[in-house]
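# Sequence unavailable; structure follows:
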């Protein structure tokens, strides 16, 4: 149930953090580590569980509960046949610092970067091989990340709503078929939880639309333009830049999923009437009506849920909320991302589906033209806004204008620009992107966050720098140096956060969205290296990606199926009701969860299955709470253990960048 109430990136959820000072209980949540925190083993070894590209830096960590004045002797063992053979060995010399009251020493293991033979490995203590890391691979990057990319596709397949769902081990029937004829509503007054008074009937517009398809947002069955528009942009950018990893010919092609997301966005945007609809379903209704978050079920139960019981009306027939009257200004965060989506759609599908692509580009120009750049008050995200409280929009508009410029330039160059476009010059959009970029890089939000749902400036910086290099327009009010400098400033701020952390993570562990921020940081480091044509931040790109797939205090990969120790008990209804609770198939492979946070939420819903794997004999994650953060593998803990489509969208792009970097990419791919 997506009740993340996440704040924008490095706002750092100040209200929640303040409420979670050590020893302060919080209603509805367990407040971090306490005096009864269990004791873990005296030594544990942490590694990147997906593995290490052949030629990349390779770093592991050993956490110890006692001082080791001479360091810790270790061995790297390679699996050969039925035995393990020593491939490297050494003694740690660098103490990375203290993690918590028990693990006051974290030692760096960095002496096996020279091992390049493809195979399966593990790191063990030299004097006690029973103390071992999980098994991991060393392999060429394209081989290493191939399954992780396929897992990400699988996750989105399982999130599909509507009649065209993909049948998997977890999904046996379509869900929410009534969305095909859905009543639309203006948005009623709601509180921060999404409760409204009475019925929605007074807010009905009398207009029904086809709201079929789309991905379920998270562990619930809501569908949002806010998150879908972001995911589609990330997928299409990956397909365009890395066709061999994510494109039509790739083993893990994202083309079908990107098209699925685009189809939904085109249903939510009515080009003829210039009307945007932004949400399907209501999370929490009121004491009379059930909302999506009130019940625990499979999606196929919704269409006939409780027969004709009026209390379940909005379960059987989810409301669709309208952003505003036809032709009215559109919240610029949504307008910018949708313009980027439709522009990228044109570039990706221009040859394989020219009619579809042309319609995308027309919609992109229309949506962009309606952006409310003098918007006052809260941006439009979801109902309620607290579910996804986005606060910036110039980054979105910069991305939208940049992608429109690249799309129009592509059409002009190929001589097949769609007819009837209001704007046919790429320079118009390029200059507009430069205006937004200048205001961004000179504003207070420029280094406030890093690449994630709430801040797409890093991707916009990268794409705009490419567009400027191809167009050579001297009238643009921002320079390449400013764009690259803004990207570097974000990275350097993250390195500043990383230096005192024993695991060198560039985002505080006690915040929301730690997993996706780690993937975003890895992408940013590789983007910068590509733009400056040298491996300045290659080490950091690998480290930050490793942090979210096992090289962390908890020793867990925060992406299901990527590695050997991953979440078993997510707050996800399909995974909870149909999947296993012990890591054996079927699991929701590819799902990226929230990650460590300052608190673990609690609370049950009828029919929710408790998971025995979240307690003994499972690894006692509580023993590794530290730096104000904890991780709980518990279906109740949406704050640490709920997956979502926006959280997962960064991981395939991060893996693709690693493949490109390992292949020697030191120049940016052509748009």
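Arrived safely. All of these numbers come straight from a predicted model, not from anything done at the bench.
# List the residues that contact residue 546.
When contacts are counted by CB atoms under 8 Å, 6 or more residues apart in numbering, residue 546 touches 47, 48, 59. From N, CA and C alone the C-beta is placed, and that goes for glycine too.
# let's see it at 6 Å
Each residue near residue 546 by CB atoms under 6 Å, 6 or more residues apart in numbering is listed here: residue 48.
# tell me the secondary structure for it?
Of the three states, residue 546 takes helix according to DSSP: H, G, I helix; E, B strand; the rest coil.
# got it, and residue 87?
Going by three-state DSSP: residue 87 is strand.
# ok, it touching residue 78?
Yes: Residue 87 is in contact with residue 78 according to CB atoms under 6 Å; the separation is 4.2 Å.
# Next one: residue 206 from residue 605, what distance?
Going from residue 206 to residue 605 by CB to CB, to the nearest Å gives 34 Å.
# so after the longest helix along the chain, what's the next helix or strand?
The single longest helix within the chain, with elements called by DSSP state H, is helix 394-414. Note on helix 394-414: by DSSP states H and E, the next helix or strand toward the C-terminus is helix 426-441.
# low pLDDT regions in the protein?
For the chain, the stretches with pLDDT under 70 are 1-37, 613-619, 664-671.
# Let me see the domain layout of it.
Per automatic domain parsing, the domain ranges recorded for the chain read 1-43+143-158+479-671, 164-327, 329-378+390-478.
# Now render these as CSV, adding distance to residue 69.
As requested, the domains of the chain are exported to CSV (distance: least, CB to CB, whole Å):
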stretch, distance to residue 69
domain 1-43+143-158+479-671, 15
domain 164-327, 46
domain 329-378+390-478, 38
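# Check whether residue 96 really touches residue 501, as I assumed.
No: between residue 96 and residue 501 there is no contact under CB under 6 Å: 8.3 Å.
# returning to what we had before: more neighbours: which of residue 206 and residue 605?
Taking neighbours as other CB atoms under 10 Å, residue 206 and residue 605 compare with residue 605 leading, 15 against 7.
# Now for the more buried one: which residues touch it?
By CB under 6 Å, 6+ apart, the contact list for residue 605 reads residue 296.
# what about it, helix or strand, and which?
For residue 605, there is no enclosing helix or strand under DSSP H and E.
# Look up how far residue 292 lies from it.
11 Å.
# How about residue 638?
From residue 638 to residue 292 the distance is 13 Å (CB to CB).
# Please say which of those two ends up with more neighbours.
residue 638 (29 against 24).
# Help me confirm that that one comes into contact with residue 571.
Yes: counting by CB under 6 Å, residue 638 does reach residue 571; the two are 4.5 Å apart.
# Can you report phi and psi for residue 252?
phi -110, psi 70 (degrees, to the nearest 10).
# Could you check how far it is from residue 153?
As judged by CB to CB, residue 252 and residue 153 stand 5 Å apart.
# Go through the domains of the chain and name the closest to residue 136.
domain 1-43+143-158+479-671 (7.6 Å; CB to CB).
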